[in-house]
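# Kindly return the folded structure for what I paste below:
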Amino acid sequence: MADTITIRSDSDTEHALDVLTNDGSSRSAAIRQAVLEAALRKERASAMRRAVLRMPLGEPDGIDIAAEIAHGREDER
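Here you go, the predicted structure:
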């Protein structure tokens, strides 16, 4: 059984619905498709963030960047 959802649209939403229904799709079908696509994008973005966070950082190269910057700025003092 499908639920009915009511939204309050504004001029931007009405324009978007006009664009999405320009091919003859119903407003209901366009909204359903838009919701599904938005959820898919959000799930993919979350998966990409998790993948990036799991990426190995590699081994330290032994270079202390803070010390290098401080050394380079000794002449500025």
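
# elements contacting the helix or strand Ser46 falls within?
Under the criterion of DSSP states H and E, Ser46 resides in helix 27-54. Counting contacts by 3 or more CB pairs under 8 Å, 6 or more residues apart in numbering; DSSP states H and E, helix 27-54 packs against helix 11-20. In short, each C-beta sits where N, CA and C put it, glycine included.

# who does the helix it packs on touch, helix- and strand-wise?
helix 27-54.

# got the angle for the helix it packs on vs helix 11-20?
Orientation of helix 27-54 against helix 11-20 (axes from the mean of the first three to the mean of the last three CA atoms, to 10 degrees) gives an angle of 100 degrees.

# Mean confidence (pLDDT) on helix 27-54, please.
Averaging pLDDT along helix 27-54 gives 97.

# next one: stretch 61-76
Mean pLDDT, computed over stretch 61-76, is 82.

# Start at 92, not 1
From this message on, residue numbering opens at 92, which makes the last subject stretch 152-167.

# how far is that stretch from where the chain is centred?
36 Å (CA atoms, centre = their mean, to the nearest Å).

# So for that stretch, what gets flagged as buried?
Within stretch 152-167, no residue is scored as buried using 16 or more other CB atoms under 10 Å.

# Put the alpha carbons of that stretch into CSV.
The C-alpha coordinates for stretch 152-167 follow below in CSV (Å, rounded to 0.1, in the frame of the first residue of the first chain):
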residue,chain,number,x,y,z
ASP,A,152,58.3,9.9,5.2
GLY,A,153,60.2,11.3,8.2
ILE,A,154,59.9,14.9,7.1
ASP,A,155,58.6,17.3,9.8
ILE,A,156,56.7,19.9,7.7
ALA,A,157,56.2,22.2,10.7
ALA,A,158,59.9,22.2,11.5
GLU,A,159,60.7,22.9,7.8
ILE,A,160,58.3,25.8,7.7
ALA,A,161,59.7,27.2,11.0
HIS,A,162,63.2,26.8,9.7
GLY,A,163,62.3,28.6,6.5
ARG,A,164,60.8,31.5,8.5
GLU,A,165,63.8,32.1,10.8
ASP,A,166,65.0,34.8,8.6
GLU,A,167,61.7,36.7,8.9
